[in-house]
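1. sequence and predicted structure, then a few things I'm wondering about:
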Amino acid sequence: MRIGEIAALVGVTPRAVRHYHQSGLLPEPARRANGYREYGVRDAVLLARIRRLTELGLGLDEVRGVLADDEGRGLVDVLEELSQDLARQEAEIRDRRKRLAALLDEARAGRLPADGPLSPELSALLAGLGGLPESPMAAKDREILALLDAVVPEAERSRLMGLMEGAAEHAREVYPLLDALSGAETDDPRVAEAAGVLAACLPDELGVEIPTAGSGGAAGVPGASLADALFADLAPAQSAAVHLAMRLVRERREQRR
């Protein structure tokens with residue numbers, strides 16, 4: 001058989017046959033005097049086995065390992081691993097479809113926020129807050145939460161949003177104080193006042209969740225660049241108040257140890 005004939009017989013393309021030769025899965029057959037490959041029944045059987053294994057989802061390296069194991073033990077191990085991987089993918093797809101269905105319901109009802117889609121954790125947090133006040137700092141706070149929602153890994157995001165719930169209940173007390181600092185100097189006495197109120201709202205764990213500039217951990221500490229991005233466009237006095245609040249929370253945390 002020529003390459004086109006064996007490819008048609010097994011149900012693959014001549015290009016695939018050549019690729020299997022190059023990958024070392026299918027040995028090169030003897031060639032005729034005219035230089036054309038001459039395939040036999042054994043080549044067809046091996047090619048058919050390669051096709052079946054790749055259709056199951058095995059990679060070429062996995063196929064190579066199976067073919068090298070004459071007793072078939074490699075095939076059992078690989079198929080069990082593949083089955084587990086497919087089960088994991090199925091669970092992930094079910095979870096994604098569940099979240100997508102919820103988003104579709106929100107979108108159809110006209111309730112999808114402009115900065116959505118948001119995670120279920122942040123959606124629940126914002127729902128608990130109700131309508132945020134007309135405040136520049138409240139708008140900034142929502143932007144910060146949306147950024148954290150997008151960049152923080154899922155496991156950490158759930159924990160972080162859980163910590164935020166307690167702080168969110170007192171956020172309305174802090175927004176006016178921070179708004180008032182928009183044009184203030186960093187040594188304004190109101191900086192310390194706003195920092196004190198903000199620190200009282202924050203749980204101890206948040207003192208180490210987001211390293212901040214000036215805390216001794218900005219350089220080389222994971223999260224420091226994120227903190228810089230979060231607070232970069234705050235007014236100087238507002239930034240000073242937030243940094244001071246985080247420092248107060250860390251100090252409080254150390255005292256309670």
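-> Noted; the coordinates are in hand.
2. tell me which residues are up against the helix or strand hosting Val17.
-> Under the criterion of DSSP states H and E, Val17 resides in helix 14-23. The contact list for helix 14-23, computed with C-beta atoms under 8 Å, 6 or more residues apart in numbering, reads Ile3, Gly4, Ile6, Ala7, Leu26, Pro27, Glu28, Leu47, Ile50, Leu60, Arg64. In this view, the C-beta of every residue, glycine as well, is placed from N, C-alpha and C.
3. farthest pair within the residues you listed?
-> Spatial extent of the contacts of helix 14-23 (C-beta to C-beta) is set by the pair Gly4 and Arg64 at 24.8 Å.
4. what does the pLDDT read for Gly162?
-> On pLDDT, Gly162 comes in at 71.
5. equivalent analysis for Gly207, please.
-> 51.
6. what's the answer for the one 5 residues further on, then?
-> At Thr212 the predicted local confidence, pLDDT, stands at 40.
7. likewise Glu193?
-> 93.
8. which secondary structure element contains the closest residue to Thr13 other than its chain neighbours?
-> Closest residue to Thr13 apart from its sequence neighbours, by C-beta to C-beta, 6 or more residues apart in numbering: Ala7 at 5.8 Å. Using DSSP H and E, Ala7 maps to helix 3-10.
9. dump that helix to PDB, restricted to CA.
-> Extracted in PDB, the C-alpha atoms of helix 3-10 (Å, rounded to 0.1, in the frame of the first residue of the first chain):
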ATOM      1  CA  ILE A   3       0.800   6.300   1.900                       C
ATOM      2  CA  GLY A   4      -2.500   7.600   0.500                       C
ATOM      3  CA  GLU A   5      -4.000   4.100   0.500                       C
ATOM      4  CA  ILE A   6      -3.100   3.200   4.100                       C
ATOM      5  CA  ALA A   7      -4.300   6.600   5.300                       C
ATOM      6  CA  ALA A   8      -7.600   6.100   3.500                       C
ATOM      7  CA  LEU A   9      -7.900   2.600   4.900                       C
ATOM      8  CA  VAL A  10      -7.300   3.600   8.500                       C
END
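10. list the buried residues for that helix?
-> Ile3, Ile6, Ala7, Val10 (16 or more other C-beta atoms under 10 Å).
11. let me see the mean pLDDT of that helix.
-> The model assigns helix 3-10 a mean pLDDT of 92.
12. thinking again about what came up before, now the angle from the helix holding Val17 to helix 3-10?
-> Going by axes from the mean of the first three to the mean of the last three C-alpha atoms, to 10 degrees, helix 14-23 is angled at 100 degrees with respect to helix 3-10.
13. starting at the chain centroid, how far to helix 14-23?
-> 36 Å (C-alpha atoms, centre = their mean, to the nearest Å).
14. and if you look at stretch 86-103?
-> With C-alpha atoms, centre = their mean, you get 15 Å for stretch 86-103.
15. any idea of the pLDDT on the nearest residue to Leu26 once chain neighbours are set aside?
-> Leaving aside its sequence neighbours, Leu26 sits nearest to Tyr20 (C-beta to C-beta, 6+ apart; 3.9 Å). pLDDT, Tyr20: 94.
16. neighbours of Tyr20, just the number please.
-> 20 (other C-beta atoms under 10 Å).
17. then the one 4 residues further on?
-> Other residues near Gly24 come to 11 when the count uses other C-beta under 10 Å.
18. from what I see, Thr186 and Ala235 are in contact.
-> No. Judged on C-beta atoms under 8 Å, Thr186 makes no contact with Ala235 at a distance of 9.4 Å.
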